[in-house]
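Asker: Okay, sequence plus prediction incoming.
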Amino acid sequence: MKNKKFVKKVKKKIPWIAHIIEDVGIASELDIGQLRIKISKKSLCIYCRGTKYLCGKPKCPVLLKLYAYARNREIINSLELVGSSPPAVFVGRIGYPYVYAGPLIPPEIGDTSIYDTPELWLHRSIEEIVNFRFKLVRSKFKVNVKKLEKAGKIFDETIEAVLSRTPVETEAVFKRKPGKTVLLDDTVQPMGPSAPLEKLKVSGVKSDRRLEKAYYDYDLKAGEAVLELYERKVPVSKIQKAFSMGLFGLKNRRRLVPTRWSITAVDSIISKTLRDEIVKRSPVINEYRVYESTELGNRFIVLMFPYPWSYELIEAWFPGTAWNPDKRNIALCGDWEPYYGRTSYASIGGCYYAARLAVTEYLAKEGRQASVLILRESYPSYLLPLGVWQVRENVRNALRNPPRKFNTLKEVMEYISKRLKINLKFWIESSKLLKDELVQEKLTKYIF
């Protein structure tokens, strides 16, 4: 007689998340049954479950998001929400030109500006930053990016919020409760729950006169508005939000721009102008310089060579970091531009322009010119991607510190070899500028 196959019936599904949360209070209060968890079938999370650290990170990014959700779970239990928007907005890109847009609203009244001001985040912990993002409910309405005149009252209220220089009191009524889905994917930037808007009312607006002036100037081109606001000391993140909501440009040509695109657009516009109109017209530095910043699990080494403008950014992602799923090999990628710039979009994306902005504003302020190479090492302690602001602010931080100065390239290479974890030969193999500098040094030995 053949052995029968026995099938074990599962009478009750036990949510594994509830059994690995160390905080007893959160574990007992968190309604796992109401939480929809999405996870990729190929993800190591299925095998790890927050206990084996198979991804190589010192902390589980999934649990990091889950704790943030648990701490802010009260904001998703109602169709109504009253809070002070930082002010903050988000414009999506899925379905373009029909996209979802709307203000980000925390369940708090008062000064909430820190929740959407990345210029103030660099020295915060990753846990704090994730918590800031999860506090913000992403309210949304659908709009055609090219037909703003038909967007309606909710759009008008959102514009009022964006124009404010301080947090605005925001009352939102949703069509359904904010979603309870937590995406267990450590390659996605942290994002709070979202819900479609039924009504929106904004009050307590204290308009930023600088933004207001650009908004009501229908003869001012968008690029010119960005530069004018930058010159008037408006924070880059605030310019990016206004740009995203279509506040700038000629009267009949204003468009909503997805948040992801607007960030890079503003970084590119400002850095290109500083580069061409100030940096390239300034005298070249007369020594080699090295600047450094190590924050949020990333180390940035900024090298300046005494040559006319050129620029390169190379990133090294260690195993277990956000953009490197490989568990054994370090991934290096980068892009560069010669003196006359580039004509195509940088292959490594928005971080290229964010770092270029930090470098060009520094050189423009000093009134000098240099060839610039930025080397970035991203370690497993960088638990999840936080956005390109982190690159911009890390490079700015490096340039705020006094540089180490050297007379020769050899001295520079000897110094940075002690500051970087990756062997110099791999950086040289990946870098266009380093190869050029090394060749030039050898030639000068024969010339002089």
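Answerer: That came through, no problem.
Asker: Could you verify my assumption that Ile270 touches Val236?
Answerer: Yes - taking contacts as Cβ atoms under 8 Å, Ile270 lies within contact range of Val236: 7.3 Å. Using the backbone N, CA and C atoms, a C-beta is placed for each residue, glycine as well.
Asker: which other helices and strands contact the longest strand belonging to the chain?
Answerer: When the chain is parsed with DSSP state E, its longest strand is strand 194-203. Packed against strand 194-203 by the contact rule (3 or more Cβ pairs under 8 Å, 6 or more residues apart in numbering; DSSP states H and E) you find strand 98-105, strand 137-144, helix 153-162, strand 168-174.
Asker: The first one vs strand 137-144, what angle?
Answerer: Yep, that's strand 98-105 we're talking about. Orientation check (axes from the mean of the first three to the mean of the last three Cα atoms, to 10 degrees): strand 98-105 against strand 137-144 gives 150 degrees.
Asker: Point out where this protein drops to low pLDDT.
Answerer: Counting by pLDDT under 70, the chain contains low-confidence residues at 1-59, 61-76, 180-189, 322-323, 325-327, 441-448.
Asker: centroid residue for it?
Answerer: Most central residue of the chain, judged by C-alpha distance to the mean C-alpha position with Cα atoms, centre = their mean, is Gly387 at 1.6 Å.
Asker: In three-state terms, label it for me.
Answerer: coil (DSSP: H, G, I helix; E, B strand; the rest coil).
Asker: Mind listing what's buried along the lengthiest helix in the chain?
Answerer: Longest helix of the chain, by residue count under DSSP state H: helix 259-277. Across helix 259-277, burial judged by 16 or more other Cβ atoms under 10 Å covers 259-275.
Asker: Name the residues of the following helix or strand past it that are buried.
Answerer: Using DSSP states H and E, the next helix or strand after helix 259-277 towards the C-terminus is strand 288-295. Neighbour-count burial for strand 288-295, counted by 16+ other Cβ under 10 Å, picks out Tyr288, Arg289, Val290, Tyr291, Glu292, Ser293, Glu295.
Asker: try stretch 412-431
Answerer: Val412, Met413, Tyr415, Ile416, Leu420, Trp427, Ser430, Ser431.
Asker: Can you say which of the helices and strands packed on strand 194-203 is packed in most?
Answerer: strand 98-105 (a mean of 24; mean count of other Cβ atoms under 10 Å).
Asker: what does that strand rub up against?
Answerer: 81, 83, 85-94, 115-116, 136-145, 154-155, 158, 161, 170, 172, 192, 196-197, 200, 202, 245, 256, 258 (Cβ atoms under 8 Å, 6 or more residues apart in numbering).
Asker: And Arg356, how close does it get to Leu200?
Answerer: 37 Å (Cβ to Cβ, to the nearest Å).
Asker: circling back to that earlier point, the inter-axis angle of the longest strand of the chain versus strand 168-174?
Answerer: Using the same axes, to 10 degrees: strand 194-203 against strand 168-174 is 140 degrees.
Asker: what angle do strand 194-203 and helix 153-162 make?
Answerer: 70 degrees.
Asker: hang on, the earlier thing: make a markdown table from the buried residues of strand 288-295 and add distance to Gly249 to it.
Answerer: As requested, those are exported to a markdown table (distance: Cβ to Cβ, whole Å):
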| residue | distance to Gly249 |
| --- | --- |
| Tyr288 | 43 |
| Arg289 | 39 |
| Val290 | 41 |
| Tyr291 | 36 |
| Glu292 | 39 |
| Ser293 | 35 |
| Glu295 | 35 |
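Asker: And the residues you listed, which is closest to Asp111?
Answerer: Relative to Asp111, the closest of these is Glu295; by Cβ to Cβ it sits at 24.1 Å.
Asker: Run the angle between the longest helix of the chain and strand 98-105 for me.
Answerer: 90 degrees.
Asker: I'd like the numbering to begin with 702 instead of 1 from here.
Answerer: Yes, from this point I'll number from 702; that puts the last item at helix 960-978.
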